[in-house]
Each structure stands twice: as C-alpha cells, then as structure tokens.
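Undergrad: starting from these lines, generate the structure:
(one chain, ligands or ions: 1)
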Amino acid sequence: MLLKVPTEKIPIQEIFIDKKVKLFIKREDLVHPLISGNKYWKLFHNVNNYLGIHIEDPLIITFGGAFSNHISAVSAVGKLLGVRTIGIIRGEELKDKWRDNPTLVFAFRNGMNLKFVSREEYRNKEKLSEFLQQEFPGALIVPEGGTNEDAVQGVKMMLNNETKEFDYLCTAVGTGGTIAGISKFCEGNQKVIGFKVVDDSSLQETIYQLTLKKNFNLIDSSFGGYGKIKDENIRFMNDFKEKYDIPLEPIYTGKMMQKVFELIDEGYFPEDSKILCFHTGGLQGIEGANLLLEKQNRKLII
Ligand SMILES: *Cc1c(COP(=O)(O)O)cnc(C)c1O
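TA: Below is the predicted model of the structure:
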C-alpha cells in the first residue's frame, strides 16, 4: 500500500475581515484525518518512493520533539501502511513520563518504537543518522520535520489551478521545506511569504538552496520563541475559531494568522490583494498544549 492523492478537493475558504484585501485559507489540515496538512505532502514521495523498492520488511526512522506534528504523522503513516517506524525523540527525561504526552501516546499506539536521546545527542543528528543507517541498512531515514528534496516535490500538490489566482501565498515556516515547495512551484507573478516561528538565521539560505528562487520573504512571527504560547496568541486563536469556525494550533498556524492580521492592519498588502494562507494542520498539538496551559492555570485553547 502507498499514500494516495485524496479524491476530495481541499477547500479554500474566505475569511471575511472587512478590509481592503481579500483573505482566504486553504484547509490542508483536512487532507487526512490522522496525517495532517503539510506533513502528508512532505512524506508523500519520501514514503512512496521508498516503499516502491523496499517491499520486504520496510522500516521508517525519523526524529522529533515531544509535541512534534512530524512524529505524529510518521507514526500514523506506519500504522496506515503497515510499516514499522522508529521515532528518535529529543529529551532523555521523557523516558519516564512520555505517557503524559498525548503526541507520544498517539505515536506509541500507532506502533512507533520510541527511543529517547539526550538533547546533546539529538543535536548531532547527522552522526545519529549515520549510525542508524549502519544499524538498519534498509531503513528510510527521514530528517527532522521531514524536509528534503522529495518533501519539496510533494508540496507541489498543495498548489493547483485555484491557487494560481492569488497574489500572495502565505505559510508558517519551521524547517523551510513547505515554503520552499510553494516558492519553487508557484506562478511567476505570485509572492510567497513565510511566517517564521523559529529564530533561525540560516533559514533564508536553507530555503533558497531548496527552491533556487527569490520570490519569497520571511517575516518573524515567533512571538517570543518557538513553542512559546502567549496569552495574546490564545485570545487570537479562540476569537478566530469562534468567528470563522476554523481551528488553529498555537505553534504554527495560529502565529501565522495572527501576523497576517497584523500585516493587513498595517497596510502591508496593497489594496485589492488576494491573499491565500495555507492551513498546514498540526491540530493534534492542541491537546498537549492545553495540558501545559492547565498546569499554569491559564486560559485554554478551544
Ligand atoms: C511542520 C509544520 C510547519 C512547518 O513546515 P516546514 O516545512 O518545516 O517549514 C508548519 N505548520 C505546521 C502545522 C507544521 O506541522
């Protein structure tokens, strides 16, 4: 079995904001109930190319943090396609308390073999990858966040005839694979904006190497740092959900949409611009985020 292109069209919904621009959101979060958003497309060719060759006892190994959408997605791919998976998880301390983490419990239930490594070991992922490839010569090793050439190629499937009509294409940026694919395969007249949720000065160059185009701009949207959730972020996401009935999560899509609204207010986009934001999914992360917020006696994400 392989990953399939969904037969149902991914909807593009208008967000009415009563301003001089037109704003839309493409619901890539709806691509698959368990393999969410951009991670589905980033894994698509990686997994299908590999499974096309490795018919006997395939194994997928990857890396991620405790709340990782990528870990969640890879584990679900393994379950769906009947493929063994190993997840290398950052943080040795989780060894004893991973059962309190909904993302890791989900991965475990999907049959993922979780291996916890220290932050130091994790930082040296290249060495770790080499070691794993020696230990499991037939395995597919997918990098953290799933970003590589095949991932960029997969993101092409987020674009179609309908997306060609927009002046601006917006996405949240983590490792840069998604924006690289959008930049590489969009139309020549379209501008791409990446909302950076991590503070990483090498991203501009990483993305350029993957797309080789200069049609993209990066805008800082980290709101205090990767994974940090401010009260204003929660307020924004909850208001957005009530108004438009579209859920956002706190790490990527919530911060992107909040920044897009700020840019519209500041007059960043010329009048009559047509703006498309990709909802890259990741809603599985809300449960884990709410557990942390609850412990801090803070308002929860609805
Ligand atoms: C992983 C992820 C991103 C970032 O994608 P990159 O290709 O790593 O830049 C954006 N949004 C969501 C919901 C994600 O899970």
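Undergrad: low-confidence stretches in the protein?
TA: Within the chain, no stretch falls below the threshold (pLDDT under 70).
Undergrad: let me see the domain layout of it.
TA: As assigned by automatic domain parsing, the chain contains the domains 12-34+154-295, 39-146.
Undergrad: interface residues of the stretch 101-250 of the chain facing the ligand?
TA: Residues of the stretch 101-250 of the chain lying close to the ligand by CB under 6 Å from any ligand atom are 145, 147, 172-179. Backbone N, C-alpha and C define where each C-beta goes, glycine included.
Undergrad: Ala172 - nearest residue in space that isn't next to it in sequence?
TA: Tyr252 (3.7 Å; CB to CB, 6 or more residues apart in numbering).
Undergrad: and the longest helix for the chain?
TA: helix 37-53 (DSSP state H).
Undergrad: about what we covered before: just the ones of the residues of the stretch 101-250 of the chain next to the ligand in strands?
TA: Among these, the members falling in strands (DSSP state E) are 172-173.
Undergrad: buried members of the residues of the stretch 101-250 of the chain next to the ligand into ChimeraX, please.
TA: Buried members of these, defined by 16 or more other CB atoms under 10 Å, are picked up in ChimeraX with:
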select :145,147,172,173,174,175,176,177,178,179
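Undergrad: could I get the residues of the stretch 101-250 of the chain next to the ligand in a markdown table, plus columns for distance to Ser68?
TA: Shown next, in a markdown table, are those (distance: CB to CB, whole Å):
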| residue | distance to Ser68 |
| --- | --- |
| Gly145 | 8 |
| Thr147 | 13 |
| Ala172 | 14 |
| Val173 | 16 |
| Gly174 | 10 |
| Thr175 | 11 |
| Gly176 | 16 |
| Gly177 | 14 |
| Thr178 | 15 |
| Ile179 | 19 |
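Undergrad: tell me which two in the residues of the stretch 101-250 of the chain next to the ligand are the farthest apart.
TA: Largest separation among those by CB to CB: Thr147 and Ala172, giving 13.4 Å.
Undergrad: look up how far the ligand lies from Lys125.
TA: Applying CB to the nearest ligand atom, to the nearest Å, one obtains 15 Å for the distance of Lys125 from the ligand.
Undergrad: now do the strands in this protein.
TA: 12-15, 22-26, 59-64, 84-90, 113-117, 140-141, 168-173, 191-196, 216-220, 274-278.
Undergrad: among those, which comes closest to Leu293?
TA: strand 168-173 (20.1 Å).
Undergrad: is stretch 286-294 positioned near the ligand?
TA: No - against the ligand, stretch 286-294 shows no contacts by CB under 6 Å from any ligand atom, the least distance being 11.0 Å.
Undergrad: going forward can the numbers begin at 11, since that is how I track them
TA: Noted, 11 is the first residue going forward, which turns the last one into stretch 296-304.
Undergrad: now for the residue of the chain found nearest the ligand, how many residues are close by?
TA: As assessed by CB to the nearest ligand atom, the ligand sits closest to Gly292 within the chain, at 2.8 Å. For Gly292, the count of nearby residues is 27 (other CB atoms under 10 Å).
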